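S.K.: mind folding the following:
(one chain, ligands or ions: 2)
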Amino acid sequence: MARSPHDLVATYPLAPTVVGSSPAMEHAVSVATRVAASNVKVLITGESGVGKDVFARLIHSQSARCFQPFVALNCAGIAETLLESELFGHVKGSFTGAYRDKIGSFEQAHKGTIFLDEIGDMSLRMQALLLRFLETGELRRVGSDSPSTRVDVRIVSATNRDLRAMVNKGQFRDDLLYRIDVTRIEVPPLRERSQDVPALIQHLMAKCGGVLTFSDAAMRLLESYRWPGNVRELQNVIEQLVSLVSGRPVEPSDLPRNIVASHRDFKHVMQDRRRSIAADLYDGLTSGGMRFWDDVHPLFISRDITRADLRQLIRRGLAMSGGSYRGVIELFGMEQDDYKRLLNFLAAHDCRVESREFKPAVRAADSSSTLPHKHAVAG
Ligand SMILES: Nc1ncnc2c1ncn2[C@@H]1O[C@H](COP(=O)(O)OP(=O)(O)OP(=O)(O)O)[C@@H](O)[C@H]1O
Ligand SMILES: [Mg+2]
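M.R.: Numbering: from 1, shown residues only. Ligands and ions are numbered 1, 2, ... in the order given. This next block holds a predicted model:
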């Protein structure tokens, strides 16, 4: 019998490796393991490349059906008539090219599991045919007048679409969703489990037979990247690196440009955030509503604001006081006796900001314009 490129038939006595120790992944794996034992229908959701296939195989391999076939059929990108024949089979002569009877994926999966991937891409007509099968358990091959047989299959479906939203738009049948979505497994995107990145890298390296080490900076970039293509994108990056780098650690310059660039964007976001925290603190202090030692200092000690936030606040003060720490003290409503205390506190936490660049003389040398005398208080 000719096999379709869309099908995949295999028995899985061994469970696939699902890497991930983040709470979200552990939860998803524990749900999968729990439902595997029963015949209950499972809908796996998650963005592209998160590992929905891996979960479908995990469920099959941990079920009593593990020595029976696992048949995967991708419902996307396949013409409706072909999909119907793939799923239900056809009888000889039912359409041009149907030279002999062909059994469909449901019959191939008899006693095992069928994995309907990208089920959100099924046309409404196909949804109706699938629903009829789910309701009656009877298979009708394309071109046949009567149901041919009954099969015993466990149905696992997957989609990266929001099927509920599709139902609301009339694109997906409510009654079909109700049937296939008995248990839901939501596979979280990789950016929500960045702690899994190092272990996934180890696993993916072993899979492609490569050995890599990473500099701290490169690993930090990989962990902080948002991975829109999820584990599949990480897999592609690792495969590329294995062929490019050997005998030395992977450095940031070896990584794809978009990973490095997005980190720069992230740094800008952080800088903006810092600026806005510093601006709020600065306004609070200069409007008199806040006091440095009573309000800002405790925020810093309890780590509600970071050293970078504090430095940014001091920088604002220095910019306003023309580079004078005594001016900052006045501006932030402290006593002049606090001069030493402030400088010691900042030095102890590595938050001392060099005041020279804020002094008028430097600016004058830069621009040879008139001196801003107003805040030129000696520091
Ligand atoms: N938790 C994981 N542990 C190990 N490998 C994983 C994991 N998640 C995904 N992978 C690997 O990443 C690749 C992509 O995973 P998979 O094909 O299951 O994603 P998907 O969600 O089905 O993607 P799509 O939506 O594009 O169909 C595969 O090679 C898979 O083996
Ligand atoms: Mg998939």
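
S.K.: for ligand 2, give me its nearest residue in the stretch 151-300 of the chain.
M.R.: Per C-beta to the ion, Ala158 is where the stretch 151-300 of the chain lies closest to ligand 2, at 6.1 Å. Yep, even glycine has a C-beta here, placed from its N, CA and C like the rest.

S.K.: report pLDDT for the residue in the stretch 151-300 of the chain that ligand 1 sits nearest to.
M.R.: Closest approach between the stretch 151-300 of the chain and ligand 1, counting by C-beta to the nearest ligand atom: Val231, at 3.5 Å. Looking at Val231, its pLDDT is 98.

S.K.: Arg140 too?
M.R.: 85.

S.K.: Val151 is in contact with that one, correct?
M.R.: No. Using C-beta atoms under 8 Å, Arg140 makes no contact with Val151, being 11.8 Å away.

S.K.: check the secondary structure at the closest residue in space to Arg191 that isn't next to it in sequence for me.
M.R.: Leaving aside its chain neighbours, Arg191 sits nearest to Arg226 (4.6 Å; criterion: C-beta to C-beta, 6 or more residues apart in numbering). What DSSP: H, G, I helix; E, B strand; the rest coil gives for Arg226 is coil.

S.K.: start at 48, not 1
M.R.: Okay, residue one is now 48; in that scheme the one you just asked about reads as Arg273.

S.K.: if we can go back for a sec, return the distance of the residue of the stretch 198-347 of the chain closest to ligand 1 relative to Met72.
M.R.: 11 Å (C-beta to C-beta, to the nearest Å).

S.K.: can you give me every residue that contacts Leu134?
M.R.: Residues near Leu134 by C-beta atoms under 8 Å, 6 or more residues apart in numbering: Leu120, Gly151, Ser152, Phe153, Met173, Leu176, Leu177.

S.K.: okay, the residues you listed in TSV with neighbour count and secondary structure next?
M.R.: Below are the contacts of Leu134 laid out as TSV (neighbours: other C-beta atoms under 10 Å; DSSP: H, G, I helix; E, B strand; the rest coil):
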residue	neighbour count	secondary structure
Leu120	23	strand
Gly151	25	coil
Ser152	25	helix
Phe153	24	helix
Met173	20	helix
Leu176	18	helix
Leu177	25	helix
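
S.K.: stretch 168-175: how far from the chain's middle?
M.R.: The chain centre lies 29 Å from the centre of stretch 168-175; the measure is C-alpha atoms, centre = their mean, to the nearest Å.

S.K.: show me the contact partners of it.
M.R.: With C-beta under 8 Å, 6+ apart as the criterion, stretch 168-175 contacts 122-124, 127, 130-131, 134, 177, 206, 208, 218-220, 223.

S.K.: picking up where we left off before, contacts only, for the residue of the stretch 198-347 of the chain closest to ligand 2.
M.R.: Contacts of Ala205 (C-beta under 8 Å, 6+ apart): 90-93, 99-100, 102-103, 162-166.

S.K.: did I read that right, it in a helix?
M.R.: No. Ala205 is assigned strand when assessed by three-state DSSP, not a helix.

S.K.: the domain parsing of the protein - what is it?
M.R.: Domains of the chain are assigned by automatic domain parsing as 53-235, 241-311, 314-405.

S.K.: out of the ones you listed, deepest packed?
M.R.: domain 53-235 (a mean of 18; mean count of other C-beta atoms under 10 Å).

S.K.: hmm, it in reach of ligand 1?
M.R.: Yes. Using C-beta under 6 Å from any ligand atom, domain 53-235 reaches ligand 1 at 64-67, 93, 95-101, 207.

S.K.: three-state assignment of the nearest residue to Ser241 once chain neighbours are set aside?
M.R.: Closest residue to Ser241 apart from its sequence neighbours, by C-beta to C-beta, 6+ apart: Glu270 at 4.8 Å. Classification of Glu270 using three-state DSSP returns helix.

S.K.: so what's Glu270 up against?
M.R.: Ser241, Gln242, Val244, Pro245.

S.K.: dump those residues to a markdown table, plus distance to Pro345.
M.R.: Output for the contacts of Glu270, formatted as a markdown table (distance: C-beta to C-beta, whole Å):
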| residue | distance to Pro345 |
| --- | --- |
| Ser241 | 31 |
| Gln242 | 30 |
| Val244 | 35 |
| Pro245 | 36 |
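
S.K.: farthest pair within those residues?
M.R.: Within the contacts of Glu270, Ser241 and Pro245 form the most distant pair, 9.3 Å apart (C-beta to C-beta).
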